[in-house]
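Colleague: with the sequence up front, the predicted model follows.
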Amino acid sequence: MIREIFSSMCDGTFIFLLVACFLASFIDAVSGGGGLISLPAYLASGIPPHVALGTNKVSACIATVASSAKFAASGKINWTLMRKLVIFSFIGAFLGVRTILLVDSKYLYPITIVLLITVLVYTLSNKKMGQDYEFTGLTEKNIRYGRIMAFVMGFYDGFFGPGTGSFLIFMLIRIFKVDFTHASGNAKILNLTSNIASVIMFIYFKKVNYLYSVPVGIIMMFGALLGAKTAVSKGAKFIKPMFLCVTTVVLLKMIAEAVFHVDVSTMIQDFFKSLVS
């Protein structure tokens, strides 16, 4: 395995993996969706699909720790709320990973596409959505909806993944009336929880390449810190356009794969290979 890493360093594959994942972590820290870049990059390195998924989760978990810490330091996280939701995110992700090892995730594509279109259309048609912080407190009703959301999104992240960050941000704004900056911060905590649960499962089933996941995760940590710092300093006026762009790209990728049968991951792999050849 060490020889594999040295070989990939020599032909440039590992360098492009670091660059791609750094960019992915920056985007993910701001608006979610970084997995759209990092997972295909791991696949391009020649790692088997299930191992690539587990390896990507480990790296993403390291990066999410960094971005979560930055949001926490800025005071953008409601810890009272998070204490009520994280266990549901953890359990959901735990069950999601267990399920993905048994069934094909392709059946989630049609549902996810419809949900992403709904999120995109709703956000575009409500120009003031997420611009103002209108959170008025926790109630029995919004906590109940929040717990359901955390479980479903945790399961989805462990089972499938694309658009998890976008869904979390959207639902936190809708349920708790927070702005994009606070939604991004709280989404990071929920995402970190589901990542930890997923990592535990992937490690248990020996689906992680540590010689890739750890060094790439460290690089992603710096990208996540930069992304979180940018999000905190620039606020909702920066996060919302990024949110819309990332959601659109994720949606187009999934439509290309599910409707037009375009193998986007292979195209990205070929692109990386052409850069190092």
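Modeller: Yes, it's here.
Colleague: could you report the pLDDT at Val246?
Modeller: We have a pLDDT of 87 for Val246.
Colleague: same question for Ser74.
Modeller: 94.
Colleague: same check on Ser265?
Modeller: The score at Ser265 is 65. That number is its pLDDT.
Colleague: Gln269 too?
Modeller: At Gln269, pLDDT is 62.
Colleague: over to Ser277?
Modeller: Among the per-residue scores, Ser277 holds a pLDDT of 59.
Colleague: 2 is where my numbering starts, stick with that
Modeller: Got it, the first residue is 2 from now on, which makes the last one we talked about Ser278.
Colleague: in the stretch 52-201 of the chain, which spans are helices?
Modeller: If you assign secondary structure with DSSP state H, counting those that start in this stretch, the helices in the stretch 52-201 of the chain sit at 80-101, 110-126, 141-160, 165-177, 181-205.
Colleague: confidence-wise, which of those helices is weakest overall?
Modeller: Averaging pLDDT over each of the helices of the stretch 52-201 of the chain singles out helix 110-126 as the lowest, with a mean of 86.
Colleague: hmm, back to that, which of the helices of the stretch 52-201 of the chain sits closest to Gly35?
Modeller: In this view, the helices of the stretch 52-201 of the chain are compared for proximity to Gly35 by C-beta to C-beta, and helix 165-177 is the closest at 7.4 Å. Where you see a C-beta, it was placed from the backbone N, CA and C, and this is true even at glycine.
Colleague: tell me what that closest one is packed against?
Modeller: helix 14-32, helix 110-126, helix 141-160, helix 181-205, helix 237-259 (3 or more C-beta pairs under 8 Å, 6 or more residues apart in numbering; DSSP states H and E).
Colleague: now do the strand or helix carrying Val215 against helix 237-259, angle only.
Modeller: Val215 is part of helix 211-235 when elements are defined by DSSP states H and E. With axes from the mean of the first three to the mean of the last three C-alpha atoms, to 10 degrees defining the directions, helix 211-235 sits at 140 degrees from helix 237-259.
Colleague: rewinding a little: nearest to Phe15, out of the helices of the stretch 52-201 of the chain?
Modeller: Within these, the stretch nearest Phe15 is helix 181-205; the backing value is 20.9 Å (C-beta to C-beta).
Colleague: now do that closest one: which elements does it pack against?
Modeller: Under the contact rule (3+ C-beta pairs under 8 Å, 6+ apart), helix 181-205 is packed against helix 14-32, helix 50-74, helix 80-101, helix 141-160, helix 165-177, helix 211-235, helix 237-259.
Colleague: now the angle between helix 14-32 and that helix, please.
Modeller: What separates the directions of helix 181-205 and helix 14-32 is an angle of 140 degrees, with the same axes, to 10 degrees.
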